[in-house]
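> this one's sequence-less:
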């Protein structure tokens, strides 16, 4: 761990989990540190409690112009929009602006495997982590998945591989970030409350490849039909097309053609269901084989991996009605894929903070949807878009939405909590939202 010499005064923008980790690192390294967040001190009590023994200046409740213009370096947390006016002013003054991913990665010498995509990032990152841990021993799994990369930089222990979930927000501020292996799982409409257009969002995702060189690896979903010319050696996976090289689906078999050999995995070895999870499995399997992991190790890890909480997670059955928690579905495509994976009729519970994209893609599955019960900030707009095609019911909160869905469901139906929206109108994050859903279902 070394210190960047030309910077003395540093501003950290945003005091979420990433911001807390950055404060710990920067104070340890002796920088003059200021932290700014739009939230007030009482709203940040848990974070400030973690940092109570450290010395830094706090500028909370508002962003102050002098903090942005009287510093040497600004480090953004992922949720901070790099186009905000104060940052534009700082750029014009020549102040360097970066993000935690870019800042921390300059201190990482171990090979990085970075995973991005609209959906499935956390599942694939976790699964690759388990496979590589079994095959190689120590690995670090983190990034957008919840353990910031700067935590690895601060730690004493070194890993064989650093495996990172990477969001479009994090990729906006990279300059030299260069993964040994970069994955793009899928891209669908999301975060249009942040990006001016879908193409701007896609371009942010594609930045994961921009610093790779010929000896690096790029893994892409062939079904995206992205005609990008990349510097890295490119490998594909596909659920629709047979490939001469890469990983593809042939009926109920996952076929691997890498390095001149062919290996077949039965799809049934994984307890995960749905086409989206088949694609997730193919991506993880392809990466494993590119790094020469034995097929027996891959099969063992896939068979043992039962998925993650809040991702099409079966909770319980009440009088013939099944409850599934998919709180992680913060965009329409994730919800559409969740409905696809369920064979029975669905009563959908949705709503939350509006990301300003279209909700109409969910109508592709309307034959399966008996009704939609809506709550939260976006509920009325969703009803306007979908109400002519599907019965929609508005409720005040999640608890009343669950009760209404149960009233509407019949024996054999599935009540699917898959919000299509982020959680920030009513909850801290999708985890808190999913746990609240579990509590309500448990109380039925």
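Done, it's in. Because the structure is a prediction, the values reported are computed rather than measured. Numbering: from 1, shown residues only.

> which strands border the strand or helix carrying residue 113, and is each parallel or antiparallel?
Using DSSP states H and E, residue 113 maps to strand 112-116. Sheet pairing of strand 112-116 (DSSP bridges) gives strand 161-165 (parallel), strand 181-184 (parallel).

> now tabulate those in TSV and tack on mean neighbour count and distance to residue 278.
Where C-beta positions appear, they are placed from N, C-alpha and C, glycine not excepted. Formatted as TSV, the strands paired with strand 112-116 follow (neighbours: other C-beta atoms under 10 Å; distance: least, C-beta to C-beta, whole Å):
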stretch	mean neighbour count	distance to residue 278
strand 161-165	27	20
strand 181-184	26	16
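
> export the ones you listed as a markdown table, with columns for mean pLDDT and distance to residue 91.
What follows is these, written out as a markdown table (pLDDT from 0 to 100; distance: least, C-beta to C-beta, whole Å):
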| stretch | mean pLDDT | distance to residue 91 |
| --- | --- | --- |
| strand 161-165 | 98 | 26 |
| strand 181-184 | 98 | 27 |
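
> can you lay out those as CSV showing distance to residue 436?
As requested, the strands paired with strand 112-116 are exported to CSV (distance: least, C-beta to C-beta, whole Å):
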stretch, distance to residue 436
strand 161-165, 24
strand 181-184, 32
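
> residue 435 is nearest to which of those?
Residue 435 lies closest to strand 161-165 among those, at 20.6 Å (C-beta to C-beta).

> need the contact partners of that closest one.
101, 108, 110-116, 121-122, 125, 128-129, 132, 136, 139-145, 149, 152, 179 (C-beta atoms under 8 Å, 6 or more residues apart in numbering).

> just the buried residues of those.
Burial by neighbour count, judged by 16 or more other C-beta atoms under 10 Å, picks out 101, 108, 111-116, 121-122, 125, 128-129, 132, 139-145, 149, 152, 179 from the contacts of strand 161-165.

> okay, and which of these map to helices?
101, 121-122, 125, 128-129, 132, 149, 152 (DSSP state H).

> closest one of the residues you listed to residue 328?
Nearest member of these to residue 328, counting by C-beta to C-beta, is residue 122, at 7.3 Å.

> now do the contacts for the closest one.
Residue 122 neighbours (C-beta under 8 Å, 6+ apart): 145, 165, 308, 311, 328.

> how close does it sit to residue 377?
24 Å (C-beta to C-beta, to the nearest Å).

> endpoints of stretch 212-221, how far apart?
18 Å (C-alpha to C-alpha, to the nearest Å).

> next one: stretch 159-172
Using C-alpha to C-alpha, the gap from the first to the last residue of stretch 159-172 comes to 26 Å.

> show me how far that stretch is from its chain's centre.
10 Å (C-alpha atoms, centre = their mean, to the nearest Å).

> same question, stretch 420-434
14 Å.

> for that stretch, what is the average pLDDT?
Mean per-residue pLDDT for stretch 420-434: 95.

> do stretch 123-139 as well
Here the average pLDDT along stretch 123-139 is 98.

> pull the distance from it to the chain's centre.
Here stretch 123-139 is found 17 Å from its chain centre; the criterion is C-alpha atoms, centre = their mean.

> residue 294 contacts residue 135, correct?
Yes - using C-beta atoms under 8 Å, residue 294 is in contact with residue 135, at 7.1 Å.

> neighbour count for those two, which is higher?
Set side by side, residue 294 and residue 135 show more neighbours around residue 135, with 18 against 12, by other C-beta atoms under 10 Å.

> host element of the more buried one?
Secondary structure (DSSP H and E) places residue 135 in helix 121-136.

> and after the host helix or strand of residue 203, which helix or strand comes next?
Under the criterion of DSSP H and E, residue 203 resides in helix 198-206. Using DSSP H and E, the helix or strand that directly follows helix 198-206 along the chain is strand 217-221.

> and that following strand, which strands flank it?
strand 181-184 (parallel), strand 233-238 (parallel).

> buried ones in it, by neighbour count?
Those would be 217-221, for strand 217-221 by 16+ other C-beta under 10 Å.

> other residues contacting that strand?
With C-beta under 8 Å, 6+ apart, strand 217-221 has contacts from 117, 180-186, 209, 212, 226, 230, 232-238, 279, 283, 286-287, 290.

> got a quick PyMOL command for the buried subset of these?
The buried residues among those can be selected in PyMOL (16+ other C-beta under 10 Å) with this line:
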select buried, resi 117+180+181+182+183+184+185+186+209+212+230+232+234+235+236+237+238+279+283+286+287+290
